[in-house]
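1. Compute the structure for the input listed below.
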Amino acid sequence: MTPGTALDRGLTEMSLALPAGARERLLDYVALLVKWNRTYNLTAIRDPLAMVPHHLLDSLAVLPHLPLAAERNRLADAGSGAGLPGIPLAIARP
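-> Numbering: from 1, shown residues only. All right, here's what the predicted structure looks like:
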């Protein structure tokens, strides 16, 4: 299985819809995590396939509970140095 397949499967199981281009940006984010994790130890998870459920899908699990951008509410991210959960959430709800 590829990270893209795992992401698609997880999004389907969670009944989450993403805006156009978000899937590719999330996978690009995983690729950047893999790259920079070697230098800065951003996360203990090293396998890109394992990053999908443990980082992307875990971060996106709160999406149904967040206000829509049209409601103009603000949200603070007090996440980790790897940008989780803020970056995946910002990609899913620009």
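2. residues near residue 62, how many?
-> When neighbours are counted by other Cβ atoms under 10 Å, residue 62 registers 12. Any C-beta I mention is one placed from the backbone N, CA and C, and that applies to glycine too.
3. Any stretches of this structure with poor pLDDT?
-> For the chain, the stretches flagged by pLDDT under 70 are 69-73, 79-80.
4. Tell me where it has helices.
-> 3-14, 22-40, 48-51, 58-60, 86-92 (DSSP state H).
5. between those, which gets nearest to residue 78?
-> helix 86-92 (8.7 Å; Cβ to Cβ).
6. Quick check: residue 84 touching residue 59?
-> Yes - counting by Cβ atoms under 8 Å, residue 84 does reach residue 59; the two are 5.4 Å apart.
7. end-to-end on stretch 13-28?
-> The first and last residues of stretch 13-28 sit 22 Å apart, counting by Cα to Cα, to the nearest Å.
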